[in-house]
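Student: quick one, structure for this:
(one chain, ligands or ions: 1)
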Amino acid sequence: MNQKNITFETHLLDDIPSLMALRVGLKTGVLQVLHKGPMSRESLGAQTSLPCSGLDNLLGLFRQCGIAVLEGKCWQLTPMMQDLMSVDPAALRRRADFVALAACDVLMHGDSLMSDPQAFQRAAATFRFFRYDRALGTGAAHLEDTAPWANYVSDLTAREVPDLVPLIPLEGMGHLLEVGGNTGIFARGLLERHRGLRATVLDLPAVCHLGAGVLPETFNTRLTFLAGDAREIEWPDGDAVLFKSVLHDWTDEAAQKMINKAAQHVPVGGRVIICERGPIVEEPTMCGATASANLVFSQYYRSPSFYEAAINAAGLKLLPRQSVSLDMAFHVVAGERI
Ligand SMILES: C[S@@+](CC[C@H](N)C(=O)[O-])C[C@H]1O[C@@H](n2cnc3c(N)ncnc32)[C@H](O)[C@@H]1O
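Tutor: Here you go, the predicted structure:
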């Protein structure tokens, strides 16, 4: 996805009428039909389940938000929308659905988000979406419950790879253990950059199963999945251990424990690397419905100084912090075993 696609997608997702129109268009198949070519309103009505008045309203919204235009008697996608639909309509739908879910949560339960994060977790549909407990098995039902969020996370990660991979200090390392590495998208980006590197992705069983199922052959000998619960399973030693957008899921004590454990699994000169979004309070601008996708986790994003203190507490020598601004600021905090 290029920057033009991302800017147009954000424009559509940020605004409630266009977010609604996009989701309805993808769910009813109107957008998929128009992606194949221009079509009259009557033919569109015959091919989709929408009644006339609903279809008219939807097409009106499409026109207002730059999704489609009427040319003569036929509706057609704008060049920007045609281009966006050519990238990955399934991923677009996952992203639109998650933004809508998160926007509903922050609007309906914003008070508990600020005052009682546990009450927010109980009330928010977002947290019922990330069912880590359903990823402990690899039966058909486990995979079905895990694929939606694992794929959503993979889509986001794929966008982060170009900016974050260069900041991960892996020069000269032979083996990386990535804890909570999801379907391996980030590890694949690292392997492409560091030709001498091998990686083991440790994640929950259903996630590893999904990742192994989509692993391109070119990575077969360099990327291995290790299925299990990171708290219980034995970790292999590596030259580096990476936690990318993982530790915010854990309490301060559990995060420190993970970092300590990682420090014991690297040799002298080996590294423990943490890559996380920074705290919401330090963000210069949070705007539009897309901000909800991060706001729902606002109580869990920490200052990089927390991770720096944790690296010190694990007895590692701190390396210079690296930061980059994407949908939010990301910080890479790393320590070397001495
Ligand atoms: C927020 S996602 C981040 C994924 C990935 N690192 C990325 O940035 O795209 C957290 C990941 O941690 C994994 N995870 C959660 N609890 C885990 C556990 N107990 N053991 C292993 N992995 C776990 C989840 O399955 C998920 O893939």
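Student: all strands of this protein, in order?
Tutor: Assigned by DSSP state E, the strands in the chain fall at 39-40, 68-71, 74-77, 175-179, 198-203, 223-227, 240-244, 271-277, 317-318, 322-325, 329-336.
Student: residues near the nearest residue to residue 61 once chain neighbours are set aside, how many?
Tutor: Among residues not flanking residue 61 along the chain, residue 21 sits closest, at 3.8 Å (C-beta to C-beta, 6 or more residues apart in numbering). Placement of C-beta: from N, CA and C, glycine included. Using other C-beta atoms under 10 Å, residue 21 has 25 neighbouring residues.
Student: so what's the residue of the stretch 101-250 of the chain found nearest the ligand up against?
Tutor: With C-beta to the nearest ligand atom, the shortest gap between the stretch 101-250 of the chain and the ligand falls at residue 180, namely 2.9 Å. Contacts here follow C-beta atoms under 8 Å, 6 or more residues apart in numbering; on that basis residue 180 touches 202, 203, 230, 243, 244, 245, 246, 249.
Student: leaving out chain neighbours, which residue sits closest to the fifth one?
Tutor: The reference is to residue 244. For residue 244, the closest residue by C-beta to C-beta, 6+ apart turns out to be residue 275, at 4.5 Å.
Student: so that neighbour makes contact with residue 245?
Tutor: Yes. Counting by C-beta atoms under 8 Å, residue 275 does reach residue 245; the two are 6.7 Å apart.
Student: tell me which of these two has more neighbours.
Tutor: For residue 275 versus residue 245, the count of surrounding residues by other C-beta under 10 Å is larger for residue 275: 24 against 21.
Student: if the more buried one is in a bridge, with which residues?
Tutor: Using DSSP bridges, the bridge partners assigned to residue 275 are residue 244, residue 332.
Student: quick check: which ranges of this structure have low pLDDT?
Tutor: The chain contains no residues with pLDDT under 70.
Student: and it, which residues reach the ligand?
Tutor: Within the chain, the residues that sit near the ligand (C-beta under 6 Å from any ligand atom) are 132, 135, 153, 157, 180-182, 186, 202-204, 207, 229-231, 244-246, 249.
Student: 8 Å instead?
Tutor: Contacts of the chain with the ligand, taken as C-beta under 8 Å from any ligand atom, map to 130, 132, 135, 146, 150, 153-154, 156-157, 160, 178-183, 185-186, 202-204, 207, 228-231, 233, 243-246, 248-249, 275.
Student: now a ChimeraX select for only the buried ones of the residues you listed.
Tutor: Buried residues within the residues of the chain next to the ligand, by 16 or more other C-beta atoms under 10 Å, are selected in ChimeraX with:
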select :130,135,146,150,153,154,156,157,160,178,179,180,181,182,183,185,186,202,203,204,207,228,230,243,244,245,246,275
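Student: mind listing what the residue lying closest to residue 66 once chain neighbours are set aside touches?
Tutor: Nearest residue to residue 66 in three dimensions, chain neighbours excluded: residue 78, at 5.5 Å (C-beta to C-beta, 6+ apart). For residue 78, the contact set (C-beta under 8 Å, 6+ apart) comprises 66, 67, 68, 69.
Student: and those residues, which is closest to the ligand?
Tutor: Comparing the contacts of residue 78 against the ligand with C-beta to the nearest ligand atom places residue 67 closest, at 28.9 Å.
Student: alright, I will stop here.
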